[in-house]
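1. Make a model of this:
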Amino acid sequence: MKELTKIGRLFYGIGIVALGIHQLIIKDFRSEILSPFPEWAHHFNIFPILTGIALILTGIIISGLFKIKFVDTKKTCLYLGFCFLALVLISHLPYIFIPSPKVSGPQILISAVEELAYSGGAFVMAGSFPTNVSDKNQTSSFTSFLEKLIPCGRIFYSLLILLFGCSHFLFADFIATMIPKWLPTPMFWTYFTGVALICAAISIIFKIAIKPITFLLAIMLFLFFLLFHMPYAIANPSTEGGNEIVRTIIALLFCGIALVIAVTNGSKKDSFS
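-> This next block holds a predicted model:
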C-alpha cells in the first residue's frame, strides 16, 4: 500500500510538472489554470511563466523524485491546493457568473471544475502524509485551516469525475468517435464508461465501498491513459503547443489522485508515509 501511495504522488506530481512546462511553451495561462478573467493577466508573459516555473518545482517536490532538504512536502501540497482553490474563486467563478461578453459553451464550466479537481488532488496528497505531534504543535493557524480542507479533497475531485460521467451522455455521439476502432459497439462503451464514472463519483463522495471502487477507477483512468490519450497524443504531438501530450499526462494525474484516495480510504487516519 505504501508503494501505491508513492506511485499516486508520482503521477500527480508529474501532471503538475506538465502543466508548468506547457505554460512556459505557450507563454500564457492554460484555460483551467486561469480563465480569461482578469484579462490583463494574459497580456504579460511574466505571469504565466513564473506560475509555470512554480508549478514545475512544486510538482517535482510532490512527485518524490528528488528529496529536498528543509521542504515539507505535506505543506507544499496544502499550499498548492489553496492556490488552485483561490484561482477557482477569484478567476473562474467571476467569469462564469458576472455578465460580460464571453466565449460560451461547456468548456467554461469544465475548466473551473478541472482546476477544482487539481486543488482536491493536492489536498488528497497532503492527507497521505502523517502528521507528527511535534510538527502539529509548530503548525501555523493558516496551515491548520488548510489541514481542515483535506477531507474536501476527494469531494473536489469527485465533482470532475461526475462531470466526466455526465458528459458521456450529453455528448455521446462525439465521445463514441474516440472509442478505438477495434472495440465493437462504441455507443455501449460510451454509456458504460459514463455510468462507471458517475458511480465512482458517488462512491467517493459518500464513502460507499470507496476503496475497491476507487481502485477500479484508478485502473480505468490508467487504461484511458494507455488506450485513448497516448495514441491521440502520438498522432497529434504539436497540436496547440503540445496540448494533447499534456492532456495525456493529466489523465495520469487523475489516475494518481484516485490511487491515493483508494489507499488512504479518503481518511487522514489511514494515511501512509
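
2. can you pull the contacts of L221?
-> Shown in contact with L221 (CB atoms under 8 Å, 6 or more residues apart in numbering): A251, F254, C255, A258. For every residue, glycine as well, the C-beta is placed using N, CA and C.

3. pLDDT of the helix or strand encompassing it, averaged?
-> Under DSSP states H and E, the secondary-structure element containing L221 is helix 210-224. For helix 210-224, mean pLDDT is 96.

4. Quick check: what element follows it along the chain?
-> Moving toward the C-terminus from helix 210-224, the next helix or strand (DSSP H and E) is helix 230-235.

5. contacts for that next one?
-> Contacts of helix 230-235 from elsewhere in the structure, counted by CB under 8 Å, 6+ apart, are M178, P180, E244, I245, R247, T248.

6. Any chance of those residues in CSV with distance to F29 and pLDDT as columns?
-> Below are these laid out as CSV (distance: CB to CB, whole Å; pLDDT from 0 to 100):
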residue, distance to F29, pLDDT
M178, 26, 84
P180, 33, 82
E244, 18, 93
I245, 18, 95
R247, 16, 95
T248, 20, 96
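
7. Let me have these in CSV, adding neighbour count and distance to I210 as columns.
-> Putting the contacts of helix 230-235 into CSV (neighbours: other CB atoms under 10 Å; distance: CB to CB, whole Å) gives the following:
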residue, neighbour count, distance to I210
M178, 13, 28
P180, 10, 30
E244, 18, 32
I245, 22, 31
R247, 17, 27
T248, 22, 27
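
8. Closest one to H92 out of the residues you listed, please.
-> R247 (18.8 Å; CB to CB).

9. measure the closest residue to that closest one other than its chain neighbours to F254 for me?
-> On the basis of CB to CB, 6 or more residues apart in numbering, the spatially nearest residue to R247 that is not a chain neighbour turns out to be H229, at 6.2 Å. In this structure, H229 and F254 are 11 Å apart, going by CB to CB, to the nearest Å.

10. neighbour count winner among those two?
-> Counting neighbours by other CB atoms under 10 Å for H229 and for F254 shows that F254 has the greater number, 26 against 20.

11. Please name the nearest non-neighbouring residue to that one.
-> With CB to CB, 6+ apart, the residue lying closest to F254 is L221, at 5.3 Å.

12. what about the stretch 1-150 of the chain, any weak spots by pLDDT?
-> Using pLDDT under 70 as the threshold, the predicted model of the stretch 1-150 of the chain has low-confidence ranges 101-104, 132-138.

13. Try it again at 90.
-> 1-2, 65-70, 97-108, 130-140 (pLDDT under 90).

14. can you map out the helices along the stretch 1-150 of the chain?
-> Per DSSP state H, counting those that start in this stretch, the stretch 1-150 of the chain carries helices over the ranges 2-26, 46-63, 73-87, 93-97, 106-127, 133-137, 141-147.

15. Can I get these in JSON lines including distance to D173 and mean neighbour count?
-> Formatted as JSON lines, the helices of the stretch 1-150 of the chain follow (distance: least, CB to CB, whole Å; neighbours: other CB atoms under 10 Å):
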{"stretch": "helix 2-26", "distance to D173": "29", "mean neighbour count": "21"}
{"stretch": "helix 46-63", "distance to D173": "35", "mean neighbour count": "19"}
{"stretch": "helix 73-87", "distance to D173": "32", "mean neighbour count": "21"}
{"stretch": "helix 93-97", "distance to D173": "26", "mean neighbour count": "14"}
{"stretch": "helix 106-127", "distance to D173": "15", "mean neighbour count": "24"}
{"stretch": "helix 133-137", "distance to D173": "52", "mean neighbour count": "9"}
{"stretch": "helix 141-147", "distance to D173": "42", "mean neighbour count": "14"}
